[in-house]
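> Okay, sequence plus prediction incoming.
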Amino acid sequence: DYNMNVFNSYTLRFLADQGAECICLSPELTLEQLTGFGDLRQAELLVHGELILMQSQYCLIGQTRAPGLGVCSLPCRSGDYFLRGSRGYIFPLETDRDCRQYVFNSRVLCLMEDLGRILALQPASVRIEALRADTERLGTIVHLYREVMDQIAAGRRPQLKRYQDQLAEISGAGLTKGHYYRGVL
């Protein structure tokens with residue numbers, strides 16, 4: 001899973017040697033760093049989705065909506081919740097059935113415009129993270145990426161900006177290229 005934060009080729013080789021068939025590399029890597037990995041035939045690269053920024057065992061929603069109650073009334077299951085950052089960005093909050101709290105990025109990762117460069121690295125697969133996508137929206141996202149990948153494989157040059165604009169329209173939250181160019185290391 002991408003939460004393992006595989007940041008270097010040594011970790012990729014170690015996990016492959018331990019029997020992992022496909023290892024998702026950290027979305028915090030830049031294109032330049034990915035190029036330096038060499039063989040990515042066992043690597044999965046994240047290209048699209050709403051990414052989790054933080055996970056917590058503490059349920060902020062339950063504590064603010066039902067403070068002091070001995071039994072949680074599960075307010076997190078009846079509404080949309082978010083944190084608003086100092087710049088006005090909206091960070092969606094979700095909980096799972098075990099009451100773990102997830103804070104999602106305010107923007108959807110979208111590397112459509114860079115898909116040709118990513119595929120040139122020859123990863124085992126590309127990944128669309130779809131924890132929050134409904135079936136219809138996910139179908140559209142997968143269809144658009146598949147169409148572009150097929151065009152690239154056939155030697156054509158798809159209009160990536162047009163496809164990215166379609167993804168922006170259905171995202172509803174704005175798009176980001178994440179750390180693909182700016183990195184964290």
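Okay, I see it.
> Show residues contacting the longest helix along the chain.
The single longest helix within the chain, with elements called by DSSP state H, is helix 135-153. Contacts to helix 135-153, defined as C-beta atoms under 8 Å, 6 or more residues apart in numbering, come from residues 47-48, 112, 115-116, 119, 126, 128, 130, 133, 157-158, 160, 163, 166-167, 170. Backbone N, C-alpha and C define where each C-beta goes, glycine included.
> same thing but 6 Å
115-116, 119, 128, 130, 158, 163, 170 (C-beta atoms under 6 Å, 6 or more residues apart in numbering).
> now the helices for the chain?
9-17, 31-35, 60-65, 115-120, 135-153, 160-171.
> Against which helices or strands is the fourth one packed?
The helices and strands touching helix 115-120, judged by 3 or more C-beta pairs under 6 Å, 6 or more residues apart in numbering; DSSP states H and E, are helix 135-153.
> Quick check: mean pLDDT of the helix it packs on?
In this model, helix 135-153 has an average pLDDT of 97.
> so what's residue 27 closest to, chain neighbours aside?
residue 46 (4.6 Å; C-beta to C-beta, 6 or more residues apart in numbering).
> Would you mind naming the residues that bridge with the one you found?
On the basis of DSSP bridges, residue 46 is bridged to residue 127.
> Just the C-alpha atoms of the longest helix of the chain, please, in CSV.
The C-alpha trace of helix 135-153 is given here as CSV (Å, rounded to 0.1, in the frame of the first residue of the first chain):
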residue,chain,number,x,y,z
THR,A,135,-19.2,4.0,-8.8
GLU,A,136,-20.2,6.4,-11.6
ARG,A,137,-17.4,8.8,-11.0
LEU,A,138,-14.9,6.0,-10.6
GLY,A,139,-16.1,4.5,-13.9
THR,A,140,-15.5,7.8,-15.7
ILE,A,141,-12.1,8.2,-14.2
VAL,A,142,-11.0,4.7,-15.1
HIS,A,143,-12.4,5.1,-18.6
LEU,A,144,-10.5,8.4,-19.2
TYR,A,145,-7.2,6.9,-18.0
ARG,A,146,-7.7,3.7,-20.0
GLU,A,147,-8.4,5.7,-23.1
VAL,A,148,-5.3,7.7,-22.8
MET,A,149,-3.1,4.7,-22.0
ASP,A,150,-4.4,2.9,-25.0
GLN,A,151,-3.7,5.9,-27.2
ILE,A,152,-0.1,6.1,-25.9
ALA,A,153,0.4,2.4,-26.3
